[in-house]
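Participant: Sequence below, structure please.
(one chain, ligands or ions: 1)
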Amino acid sequence: MSSDRIYPAQRPESMDAFWMPFTANRQYKQRPRLLASAEGMYYVDVDGRQVLDGTAGLWCCNAGHGRREIAEAVSTQIQQMDFAPTFQMGHPLPFTLAERLVEIAPAGLNRVFFTNSGSESVDTALKIALAYHRARGDSSRTRLIGRELGYHGVGFGGISVGGMANNRKAFSAQLPGVDHLPHTLDLGRNAFTRGLPQHGAELADSLERMIQLHGAENIAAVIVEPLSGSAGVILPPLGYLQRLREITRAHGILLIFDEVITGYGRVGEPFAAQRWGVTPDIITTAKGLTNGAIPMGAVFVSDAIHDAFMHGPDNLIEFFHGYTYSGHPVAAAAALATLDIYQRDGLLTRAQDLEQYWEDALHSLGDHPNVIDIRNTGLVGAVHLASRDGAPGTRGYDVFEECFWQGAMVRCTGDIIAMSPPLIAEKEHIDQLIEILGRVINKAN
Ligand SMILES: Cc1ncc(COP(=O)(O)O)c(C=O)c1O
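Facilitator: Coordinates of the predicted model:
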């Protein structure tokens, strides 16, 4: 490849045209944080400064950065065949990938529908749920239930069941017939719990109240993240997910776990469903599927749901849904190479080995100024800071930004600092991350 076709990782001459997603554009462009390269646990910015990746990119680079095997698989595939359709056509890789994926999925979730992102996985899952009931002649089941503070991407389906106010309120055209369970953040009873909180399983019982209000025969599905990542690492109380499963099963309502963040090892098993012993009917994933290298999502569906579609004459399309790039060959190659790494290096369960160290390190920040809660499970955690009077979110943002200049990338949601390092992290990386964060929190007034 001639080098003039490789774009240099330098500061761009102008930054006006790119309207950045989920970003305070004007603030960012005054002092941009520009990443130029990445290897292992570290980014390097355009000025050559090393930045420890405390967030696996955006919860996706679980195997760390610069994995040659993924780059080679992508490069080989793109040269062999750049694209092939999967509508009434096919090519081998998504078939192979789907078989590999169901091997690591919870038992019974043996069918895989490919998408390009978490948002698309969510909308796909919601459509499968609605169409499933209809296919069975249960077409009054049209209501969907999400949860307050849930994040399910940015499609109209996802923002409708999602519960983060800012992502919803500017967009009036949401799905009708959606309700939200209460969120499970309870600082009063659960602050500074190590691992899953003790209190709050009864919050799942609100589902019973919604069933009484609407009638189970009108409810299609409940969708929750096993842990809410984007809202600031809000954990499921012990017994809560089990309770949701019992209630949904008793009433013929599908349970969807949105595992776009928790999938592929984040909480110490391939999926949170396995770690917490609750099998939903559908699981949505993306992000870690390809280690973030190429966009791709996958929706895992139970045999029972899939089979309900497989009726009528063989020449009929069973499900009128799909994306041009569903099962894209290059993405599938990236995913296969990623799975090889995850399995060879034991990364899908490694978060459990590191969990105790991670927990102790995070909770060492408990006595720092303005820290009002610390939450952790697997290799994910959050430090919840008190808001400044009249200026919510500013302390969290200042800490996030200063951490970057001090050499660590974390995330902030309001005044919550969230972290999810790559699953290849060693103890010294955890030490470095916590040391920088602690130092910055101490100085943030
Ligand atoms: C639980 C969950 N669902 C869906 C999404 C949306 O994924 P994407 O940004 O790939 O559309 C995210 C993204 O963070 C997520 O955390």
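Participant: Looking at the protein, which residue is nearest the ligand?
Facilitator: Of all residues in the chain, G118 sits closest to the ligand, at 2.2 Å by C-beta to the nearest ligand atom. Heads up, the C-betas are built off the backbone N, CA and C, glycines and all.
Participant: Backbone dihedrals for that residue, both of them.
Facilitator: phi -70, psi -40 (degrees, to the nearest 10).
Participant: next one: the one 10 residues further on
Facilitator: With angles defined as degrees, to the nearest 10, I128 shows backbone torsions of phi -60, psi -40.
Participant: re the thing from before, now that the residue of the chain closest to the ligand has come up, it's in contact with I283, right?
Facilitator: No: contact criterion C-beta atoms under 8 Å: G118 and I283 do not qualify, at 11.8 Å.
Participant: coming back round to it: can you give me every residue that contacts the residue of the chain closest to the ligand?
Facilitator: G118 makes contacts with H152, G153, D258, V260, T284, T285, A286, K287, G297, as judged by C-beta atoms under 8 Å, 6 or more residues apart in numbering.
Participant: between these, which is closest to T338?
Facilitator: Distance to T338 across the contacts of G118 (C-beta to C-beta) is lowest for K287, with 10.7 Å.
Participant: Helices along the stretch 101-250 of the chain, start to end?
Facilitator: Along the stretch 101-250 of the chain, the segments classed as helices by DSSP state H, counting those that start in this stretch run 118-135, 156-161, 165-168, 187-190, 206-214, 240-250.
Participant: now those in CSV, with distance to R350 and mean pLDDT?
Facilitator: What follows is the helices of the stretch 101-250 of the chain, written out as CSV (distance: least, C-beta to C-beta, whole Å; pLDDT from 0 to 100):
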stretch, distance to R350, mean pLDDT
helix 118-135, 22, 98
helix 156-161, 29, 97
helix 165-168, 32, 91
helix 187-190, 26, 98
helix 206-214, 34, 97
helix 240-250, 22, 98
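Participant: Out of these, the one nearest H363 is which?
Facilitator: Short answer: helix 187-190, nearest of those by C-beta to C-beta, at 13.7 Å.
Participant: For the most centrally placed residue in the chain, which residues are in contact?
Facilitator: Residue closest to the mean C-alpha point of the chain, counted by C-alpha atoms, centre = their mean, is I261 at 2.2 Å. Residues near I261 by C-beta under 8 Å, 6+ apart: W59, E225, L227, G229, S230, K287, V380, S420.
Participant: State the phi and psi torsions of it.
Facilitator: phi -100, psi -40.
Participant: is R111 in a bridge, and if so with what?
Facilitator: Beta-bridge partners recorded for R111 (DSSP bridges): V301.
Participant: quick one: contacts for it?
Facilitator: A98, V102, F300, V301, S302, D303, I305, H306.
Participant: My guess is the second one contacts F95. True?
Facilitator: Pointing back at V102 there. No: assessed by C-beta under 8 Å, V102 is found out of contact with F95, at 11.4 Å.
Participant: show me which of the contacts of I261 neighbour the ligand.
Facilitator: E225, G229, S230 (C-beta under 6 Å from any ligand atom).
Participant: So which of those residues wins on neighbours?
Facilitator: E225 (26 neighbours; other C-beta atoms under 10 Å).
Participant: Does that one touch E259 like I think?
Facilitator: Yes: counting by C-beta under 8 Å, E225 touches E259, with 7.5 Å between them.
Participant: that's a strand at A38, yeah?
Facilitator: Yes: counting by DSSP: H, G, I helix; E, B strand; the rest coil, A38 is part of a strand.
Participant: So what's the residue count around it?
Facilitator: Neighbour number of A38 under other C-beta under 10 Å is 17.
Participant: Who are the contact partners of it?
Facilitator: A38 is in contact with V44, D53, C61, H65, G66, counting by C-beta under 8 Å, 6+ apart.
Participant: Please apply the same query to V267.
Facilitator: By C-beta under 8 Å, 6+ apart, the residues touching V267 are P226, L227, R275, W276, A351, T377, G378, L379, V380.
Participant: Selection in PyMOL covering whichever of those residues are buried, please.
Facilitator: Applied in PyMOL, the following selects the buried portion of the contacts of V267 according to 16 or more other C-beta atoms under 10 Å:
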select buried, resi 226+227+275+276+351+377+378+379+380
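Participant: and G177, how many neighbours?
Facilitator: For G177, using other C-beta under 10 Å, the count is 13.
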